[in-house]
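A.B. asks: Pasting a predicted model and its sequence here:
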Amino acid sequence: MFVSDFRKEFYEVVQSQRVLLFVASDVDALCACKILQALFQCDHVQYTLVPVSGWQELETAFLEHKEQFRYFILINCGANVDLLDILQPDEDTVFFVCDTHRPVNVVNVYNDTQIKLLIKQDDDLEVPAYEDIFRDEEDSGSDSDGSEPSEKRTRLEEVCLGFLQRDILFDYEQYEYHGTSSAMVMFELAWTLSKDLNDMLWWAIVGLTDQWVQDKITQMKYVTDVGVLQRHVSRHNHRNEDEENTLSVDCTRISFEYDLRLALYQHWSLHDSLCNTSYTAARFKLWSVHGQKRLQEFLADMGLPLKQVKQKFQAMDISLKENLREMIEESANKFGMKDMRMQTFSIHFGFKHKFLASDVVFATMSLMESPEKDGSGTDHFIQALDSLSRSNLDKLYYGLELAKKQLRATQQTIASCLCTNLVISQGPFLYCSLMEGTPDVMLFSRPVSLSLLSKHLLKSFVCSTKNRRCKLLPLVMAAPLSMEHGTVTVMGIPPETDSSDRKKIHCRWPGPRHIFFFGRAFEKAAESTSSRMLHNHFDLSVIELKAEDRSKFLDALVSLLS
């Protein structure tokens with residue numbers, strides 16, 4: 001059931017209990033976790049934190065801890081499946097679920113005792129009415145004493161009702177999309193409790209920005225939520241500019257601003273940022289000689305010396321940096337890039353350290369998905385969580401360096417895929433497979449990294465192809481997962497559309513109308529071919545597949561979606 005009063009029905013319930021936190025491995029979940037941890041610390045709530053990267057880890061951890069806890073909090077996992085069916089808990093176990101995954105499973109919605117959904121009701125949920133999808137047993141067979149024609153008519157009505165219920169449920173479940181950031185939901189709880197701090201506000205901002213960076217929400221949704229957070233920023237950071245010199249060296253100040261849509265440019269060189277930001281790399285087509293020439297023309301149009309552009313941003317002449325945003329935006333408009341500036345937030349720690357929200361997203365994401373083998377997934381999770389605290393800026397800067405490597409590897413891999421024609425049309429969808437032995441391939445063995453690569457690859461492909469039909473197709477991406485076990489990760493990416501229209505991850509293309517929920521399509525393709533598939537990720541459009549089954553799986557997927 002949906003929780004209407006987060007304070008009374010959630011926080012005051014767990015405040016006097018020992019609770020277990022299951023937190024998914026994404027930046028928004030980490031930010032929501034940080035806010036909840038701060039609230040729990042303030043009220044001395046006892047809790048245990050367990051990071052989970054998929055359903056297997058969640059089931060194992062629940063079995064391990066279910067005897068010690070009655071209350072469980074799930075962040076960015078659990079809403080889009082029948083949680084009770086998967087975990088098989090005792091009857092007195094209660095789950096509080098704060099999750100952005102949509103659609104919310106209808107069993108979770110209509111369970112009044114064990115499932116408590118911490119989800120904003122003003123999101124476009126469109127949950128079917130209870131009576132439209134669940135039939136009471138009392139309603140069936142009520143005319144058992146009637147005549148034979150009456151019994152036949154009743155059976156026919158039941159069959160028709162069954163088809164109707166199935167269609168209603170299919171219409172509801174066919175799309176996969178994301179709702180309001182969990183970090184924002186937790187910040188609003190803190191605000192309701194009058195315990196919201198500037199740090200919590202910053203974590204909410206980073207959580208929202210993570211959704212934008214990963215293209216999980218529409219531009220309209222992003223701008224709306226930015227407006228909500230902007231009011232809180234004004235409330236928490238209301239000092240006048242004249243007072244800046246009186247601030248202490250360890251203060252925290254958050255600012256709203258229109259900044260450049262360039263990844264990490266304030267911690268990199270402008271040239272590197274232009275080359276490794278998906279938006280500019282795709283628009284310039286930097287994988288081609290012509291694209292590199294266009295970049296040089298762009299820099300010349302701005303009148304920026306190459307020496308200045310290729311050195312660290314911090315070392316650029318102050319006179320150039322003062323008007324840099326306006327210069328870049330003006331030239332970008334000439335080159336067809338109308339969205340070079342975006343609404344965002346920045347944070348100052350004292351006088352020396354400044355970060356954009358997207359900087360923190362990339363750094364935290366890279367720490368969490370680090371390919372280094374000197375630590376477990378839990379170690380990387382804790383390191384990423386720590387980097388969100390202002391007392392651990394060294395970890396944040398380390399994350400920025402990892403993020404630069406990740407962005408470089410992403411663009412190099414995209415260039416390789418496009419130049420060697422690895423993106424091919426399979427009819428109803430595009431397909432690309434990263435081969436074992438490809439440089440940096442293990443960087444993309446984790447779902448978030450592979451998702452960013454796939455979305456950026458599709459953007460670049462759409463910019464490069466002249467085939468109008470291919471521009472409308474979704475992408476199925478495969479990458480090696482484990483050489484030892486012979487497995488690959490396969491994920492479905494929606495067609496590249498205008499960002500203002502993107503809400504739901506779905507597949508639409510010319511010809512007979514087919515609308516598929518990728519997770520369901522993967523399941524059917526695997527089932528029909530007996531392919532060995534594991535649906536372990538919280539995003540249902542991501543699966544693990546035996547490499548030797550890939551060919552027959554793809555053939556079945558083509559048949560299914562044709």
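C.D. replies: Here it is on my side, so go on.
A.B. asks: CA only for contacts and neighbour counts going forward, please
C.D. replies: Noted.
A.B. asks: Please pull out the lowest mean pLDDT helix or strand from this structure.
C.D. replies: strand 504-505 (a mean of 41; mean pLDDT, DSSP states H and E).
A.B. asks: now residue 470: how far from residue 419?
C.D. replies: Per CA to CA, to the nearest Å, residue 470 is found 17 Å from residue 419.
A.B. asks: neighbour-wise, which of the two wins?
C.D. replies: For the pair residue 470 and residue 419, the greater number of neighbours falls to residue 470 (22 against 12), based on other CA atoms under 10 Å.
A.B. asks: I'd say the more buried one and residue 462 touch.
C.D. replies: Yes. Counting by CA atoms under 8 Å, residue 470 touches residue 462, with 7.5 Å between them.
A.B. asks: The nearest residue to residue 341 once chain neighbours are set aside: how many residues sit nearby?
C.D. replies: Spatial nearest neighbour of residue 341, chain neighbours left out: residue 260 (4.5 Å); criterion: CA to CA, 6 or more residues apart in numbering. By other CA under 10 Å, the residues close to residue 260 number 19.
A.B. asks: residues of the following helix or strand past the least confident helix or strand of the chain that come out buried?
C.D. replies: Next helix or strand after strand 504-505 toward the C-terminus (DSSP states H and E): helix 518-529. By neighbour count with 16 or more other CA atoms under 10 Å, helix 518-529 contains the buried residues 518-519, 521-526.
A.B. asks: Out of those, which two sit at the greatest distance?
C.D. replies: Greatest spatial distance in these: 518 and 526, 12.2 Å, computed using CA to CA.
A.B. asks: where does the stretch 251-400 of the chain have low pLDDT?
C.D. replies: Within the stretch 251-400 of the chain, the segments meeting pLDDT under 70 span 373-375.
A.B. asks: where's the residue nearest to residue 70 when sequence neighbours are not counted relative to residue 46, distance?
C.D. replies: In this structure, residue 70 finds its nearest non-sequential neighbour in residue 93, 4.9 Å apart by CA to CA, 6+ apart. Residue 93 sits 17 Å away from residue 46, going by CA to CA.
A.B. asks: hang on, residue 23 packs against residue 36?
C.D. replies: No. Applying CA under 8 Å, one finds residue 23 not in contact with residue 36, separated by 11.2 Å.
A.B. asks: Neighbour count: these two, which is higher?
C.D. replies: Legend: neighbour count by other CA under 10 Å for residue 23 and residue 36, higher for residue 23 (25 against 20).
A.B. asks: Pull the contacting residues for that one.
C.D. replies: Contacts for residue 23 (CA atoms under 8 Å, 6 or more residues apart in numbering) come out as 29-30, 33, 49-52, 74-77.
A.B. asks: What of residue 21?
C.D. replies: By CA under 8 Å, 6+ apart, the contact set of residue 21 is 47-50, 72-75.
A.B. asks: Give me the pLDDT for it.
C.D. replies: Here the pLDDT value assigned to residue 21 is 97.
A.B. asks: what's the answer for the one 5 residues further on, then?
C.D. replies: Taken from the predicted model, the pLDDT recorded for residue 26 is 94.
A.B. asks: contacting residues around the nearest residue to it once chain neighbours are set aside?
C.D. replies: In space, and not counting its chain neighbours, residue 26 is closest to residue 365: 7.1 Å by CA to CA, 6+ apart. Contact partners of residue 365, counting by CA under 8 Å, 6+ apart, are 26-27, 384, 403.
A.B. asks: what do you get for residue 478?
C.D. replies: Neighbouring residues of residue 478 by CA under 8 Å, 6+ apart: 432-434, 488-491.
A.B. asks: Name the SS class of it, please.
C.D. replies: Put simply, residue 478 is strand when judged by DSSP: H, G, I helix; E, B strand; the rest coil.
A.B. asks: Quick check: beta-bridge partners of it?
C.D. replies: In this entry, residue 478 is beta-bridged to residue 433, residue 490, by DSSP bridges.
A.B. asks: Figure out how far stretch 290-298 is from the centre of its chain.
C.D. replies: Remark: stretch 290-298 is offset 32 Å from the chain centroid, using CA atoms, centre = their mean, to the nearest Å.
A.B. asks: And it, what's buried?
C.D. replies: 291-292, 294-295, 298.
A.B. asks: what's the answer for stretch 547-562, then?
C.D. replies: Neighbour counts over stretch 547-562 (16+ other CA under 10 Å) mark 547, 549-550, 552-554, 556-558, 560-561 as buried.
A.B. asks: Can you tell me what sits against that stretch?
C.D. replies: The contact list for stretch 547-562, computed with CA under 8 Å, 6+ apart, reads 426-429, 486-488, 514, 516, 521-522, 525-526, 528-529, 531-532.
A.B. asks: What's the local residue count around the closest residue to residue 48 other than its chain neighbours?
C.D. replies: Excluding its sequence neighbours, the residue lying closest to residue 48 (CA to CA, 6+ apart) is residue 20, at 4.8 Å. By other CA under 10 Å, the residues close to residue 20 number 22.
A.B. asks: I'd say residue 20 and residue 72 touch.
C.D. replies: Yes. With contacts counted by CA under 8 Å, residue 20 reaches residue 72, the gap being 4.9 Å.
A.B. asks: low-confidence ranges in the protein?
C.D. replies: Applying pLDDT under 70 to the chain picks out residues 122-123, 135-163, 239-250, 373-375, 497-517.
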